[in-house]
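A.B. asks: take this sequence and fold it.
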Amino acid sequence: MNNNVIEVKNLTKTFGDFTAVNAITFEVKKGEIFGFLGANGAGKTTAMKMLIGISKPTSGKAQVAGFDVFTHAEDVKQSIGYMSQKFALYDDLTVKENITFFGGIYGLSRKRIEEKRCELVEDLGLKDIVNQLVGALPLGWKQKIAFSVSLLHDPKIVFLDEPTGGVDPITRRQFWEMIYKAAHQGTTVFVTTHYMDEAEYCDRVSIMVNGKIEALDTPKKLKEQFRAENMNDVFLKLARSPSPTLTNGNEVNTDKN
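C.D. replies: Sure, this is the predicted structure:
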């Protein structure tokens, strides 16, 4: 039985003569925390936009939650949760109003929205701030609330685009505890980040360099393969390597020309 919730084959996105995502291939299993790593500009966000149905691929194939991203983009959108670093909540609405608004967008009934709102207030300890404007809250609170809102409709997969960017280390750890909880409840988590230490929290990670996936495996196996003490060292070796590297049994070209 196929347990993959994301299947990607030679997915490519070009903008004129520039190739932002270059024939990437991978799969993600149900309930997995899959890290999509790379430096800023590596192509992570462009790839994610194709997977969530808001950017049409130039070529290749991809299925998300059983739906083809080319022909069933709207079905993909209804089956996933999404959290962007740059925009996730409306600053001029209160926490309560944001939960109600996004619950409606996701098609939840008024009763279900109320139930979910009560759950969030209890789980996150929002009682004292539920009626405050989101714009007045610290970034860490915004990110934790935004993540919870992305799960309101119980999606099969949640996509997180650099969700911990700009937050302090303690908040980052708290955020990852929320990710673990979601995964343990069966939600697949697809998370992009340029923080290499966060790779240690993932079940498997891919590392993108210049639009290509240059490595894909568990953090432990990648560190063993590259004889590195941590994932940052793995990334540095990949980024600086002038020759093809054998990763997961496949030769990957790391020549940056």
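
A.B. asks: now do the phi/psi pair for Arg173.
C.D. replies: Main-chain torsions, Arg173, degrees, to the nearest 10: phi -70, psi -40.

A.B. asks: measure it to Val209 for me?
C.D. replies: 27 Å (C-beta to C-beta, to the nearest Å). Using the backbone N, CA and C atoms, a C-beta is placed for each residue, glycine as well.

A.B. asks: tell me which of these two has more neighbours.
C.D. replies: A direct count of neighbours by other C-beta atoms under 10 Å for Arg173 and Val209 places Val209 higher, at 21 against 12.

A.B. asks: distance of the more buried one from Val130?
C.D. replies: For Val209, the distance to Val130 - C-beta to C-beta - is 43 Å.

A.B. asks: can you check Lys29 too?
C.D. replies: On the measure of C-beta to C-beta, Lys29 and Val130 end up 36 Å apart.

A.B. asks: how about Thr14?
C.D. replies: 45 Å.

A.B. asks: so if I had to pick from the two, which one is more boxed in?
C.D. replies: Just comparing Thr14 and Val130: by other C-beta under 10 Å the higher neighbour count belongs to Val130, 17 against 14.

A.B. asks: do I have it right that that one meets Val95?
C.D. replies: Yes - judged on C-beta atoms under 8 Å, Val130 makes contact with Val95 at a distance of 4.9 Å.

A.B. asks: mutual contacts of these two, please.
C.D. replies: Common neighbours of Val130 and Val95 are not found (criterion: C-beta atoms under 8 Å, 6 or more residues apart in numbering).

A.B. asks: now stretch 22-40: average pLDDT?
C.D. replies: Averaging pLDDT along stretch 22-40 yields 93.

A.B. asks: residues of it that come out buried?
C.D. replies: Judged by neighbour count (16 or more other C-beta atoms under 10 Å), stretch 22-40 contains these buried residues: 22, 24-28, 30-38.

A.B. asks: relative to the whole chain's centre, how far out is it?
C.D. replies: Distance of stretch 22-40 from its chain centroid, counting by C-alpha atoms, centre = their mean, to the nearest Å, is 8 Å.

A.B. asks: what about it, how long is it end to end?
C.D. replies: The straight-line separation of the ends of stretch 22-40 (C-alpha to C-alpha, to the nearest Å) is 16 Å.

A.B. asks: what does stretch 54-68 give?
C.D. replies: 13 Å.

A.B. asks: does the closest residue to Glu27 other than its chain neighbours have beta-bridge partners, and which?
C.D. replies: Counting by C-beta to C-beta, 6 or more residues apart in numbering, Glu27 lies nearest to Asn4, which is 4.5 Å off, once chain neighbours are set aside. Beta-bridge pairing for Asn4 (DSSP bridges): Lys29.

A.B. asks: just the pLDDT at Asn4, thanks.
C.D. replies: With respect to pLDDT, Asn4 has a value of 93.

A.B. asks: Met1 now?
C.D. replies: Predicted confidence (pLDDT) for Met1: 56.

A.B. asks: next: Pro163.
C.D. replies: pLDDT for Pro163: 88.

A.B. asks: okay, now it: neighbour count?
C.D. replies: Pro163, neighbours per other C-beta under 10 Å, totals 27.

A.B. asks: OK, contacts around it?
C.D. replies: Contacts of Pro163 (C-beta under 8 Å, 6+ apart): 83, 85, 143, 146-147, 175, 191, 193.

A.B. asks: what about these, which are in helices?
C.D. replies: 143, 146-147, 175 (DSSP state H).

A.B. asks: for this protein, what spans make up the helices?
C.D. replies: Under DSSP H, the chain gives helices at 44-51, 73-79, 95-105, 110-124, 139-150, 169-184, 219-225, 231-240.

A.B. asks: which strands and helices sit next to the longest one?
C.D. replies: Which is helix 169-184. Helix 169-184 sits against strand 33-38, helix 139-150, strand 188-193, with contacts defined as 3 or more C-beta pairs under 8 Å, 6 or more residues apart in numbering; DSSP states H and E.

A.B. asks: could you rerun that using 7 Å?
C.D. replies: Where contact means 3 or more C-beta pairs under 7 Å, 6 or more residues apart in numbering; DSSP states H and E, helix 169-184 is packed against helix 139-150, strand 188-193.
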